[in-house]
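1. Prediction below, plus the sequence it came from.
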Amino acid sequence: SQQGEEDPQALSIQEGENATMNCSYKTSINNLQWYRQNSGRGLVHLILIRSNEREKHSGRLRVTLDTSKKSSSLLITASRAADTASYFCATEPGTGRRALTFGSGTRLQVQP
Amino acid sequence: DGGITQSPKYLFRKEGQNVTLSCEQNLNHDAMYWYRQDPGQGLRLIYYSQIVNDFQKGDIAEGYSVSREKKESFPLTVTSAQKNPTAFYLCASSIVGGSGTTYNEQFFGPGTRLTVL
């Protein structure tokens, strides 16, 4: 089952612009994580936000979490061509199995 | 140089054959995971293991089998019962937090692309 669903599925912007991706989920969570995947490669962990946190920053990344709406957003500021990749949200459930459930991803294209 | 490795990078299988994908980690992680990724899609969980000699089915375990005889290794066998095995397979590992902890960052290998001929 796909717990997280990203929106939009694809996003194309110019270098220097900001990119915003959204993730919605269905059940209670312990935390929500964002990962990045370059084409044909493994995933790389970007940032984790716990269920009791509302906002978190890491470099040019800003993540927000609204547990009442069961949604999260990832903002990449001042994007670069090297940010071109697919971005996935993943949720760790509040109860039950200790494994992440990944969404379908947002494909980001940053034009130089 | 710590990390998680997968081999081979590319694998070709004839219909009716079983194949085994290797996953090794030297991060001293207790938990390991196998995911399947189809083109343009997210990751779906096949199997996961929180401790040696124990593993659980994920969302799409049918046609797959695993073993966890060593902490460092979590091989995945794609059996002939898997009707559509062509996909990109990703292995990951993580620490296991105790009850009440809330972090589960996963470290991924580079993946194995399996093609059925």
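-> Looks like it arrived, so ask away. Please read these numbers as outputs of a predicted model, since none were measured by experiment.
2. Show me what residue of chain A gets nearest to chain B.
-> A:Gly42 (3.6 Å; C-beta to the nearest C-beta). For the C-beta atoms, the positions are set from N, CA and C on the backbone; glycine is no exception.
3. how many neighbours does that residue have?
-> 21 (other C-beta atoms under 10 Å in any protein chain shown).
4. before we move on, what about the one 5 residues further on?
-> Using other C-beta under 10 Å, A:Ile47 has 18 neighbouring residues.
5. Same check on B:Lys70?
-> 11.
6. how near is it to chain A?
-> Distance, B:Lys70 to chain A, by C-beta to the nearest C-beta, to the nearest Å: 20 Å.
7. Just grab the bridge partners of that residue for me.
-> On the basis of DSSP bridges, B:Lys70 is bridged to B:Ser73.
8. any idea how far it lies from B:Arg36?
-> 23 Å (C-beta to C-beta, to the nearest Å).
9. Quick check: bridge partners of residue 12?
-> Looking at chain A here, since you left the chain open. A:Ser12 has the following beta-bridge partners by DSSP bridges: A:Gln109.
10. wrong one, chain B
-> Beta-bridge pairing for B:Phe12 (DSSP bridges): B:Thr115.
11. Touching, it and B:Leu117? I think so.
-> Yes: if you go by C-beta atoms under 8 Å, B:Phe12 and B:Leu117 touch, sitting 5.6 Å apart.
12. These two: which has the busier surroundings?
-> Between B:Phe12 and B:Leu117, counting by other C-beta under 10 Å, B:Phe12 is the more crowded of the two (13 against 8).
13. Give me every residue in chain B lying close to chain A.
-> Residues of chain B found near chain A (C-beta under 8 Å from any C-beta of the partner chain) are B:31, B:33, B:35, B:40-45, B:48, B:50, B:56, B:58-59, B:88, B:90, B:92, B:96-97, B:102-111, B:113.
14. Restricted to buried residues, select the residues you listed in PyMOL.
-> In PyMOL, this line selects whichever of the residues of chain B next to chain A come out buried by 16 or more other C-beta atoms under 10 Å in any protein chain shown:
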select buried, chain B and resi 31+33+35+42+43+44+45+48+50+58+88+90+92+104+105+106+107+108+109+111
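15. Among the residues of chain B next to chain A, which ones are in helices?
-> Per DSSP state H, helices hold no members of those.
16. Give me the subset of the residues of chain B next to chain A that lies in strands.
-> B:31, B:33, B:35, B:43-45, B:48, B:50, B:56, B:88, B:90, B:92, B:107-108, B:113 (DSSP state E).
17. Farthest-apart pair in those, please.
-> Largest separation among those by C-beta to C-beta: B:Gln50 and B:Arg113, giving 27.2 Å.
18. And stretch B:71-81, what's buried?
-> Applying 16+ other C-beta under 10 Å to stretch B:71-81 flags B:Lys71, B:Glu72, B:Phe74, B:Pro75, B:Leu76, B:Val78 as buried.
19. does A:Leu75 sit in a helix, a strand or a coil?
-> Under DSSP: H, G, I helix; E, B strand; the rest coil, A:Leu75 falls in the strand class.
20. partners of it in the sheet?
-> Applying DSSP bridges, one finds that A:Leu75 bridges with A:Thr20, A:Arg62.
21. how about the residues of chain A near chain B?
-> Residues of chain A lying near chain B (C-beta under 8 Å from any C-beta): A:1-2, A:4, A:30-31, A:33, A:35, A:40-45, A:48, A:50-51, A:88, A:90, A:92, A:97-105, A:107.
22. Now the buried members of those residues.
-> A:2, A:4, A:30-31, A:33, A:35, A:41-43, A:45, A:48, A:88, A:90, A:92, A:98-105, A:107.
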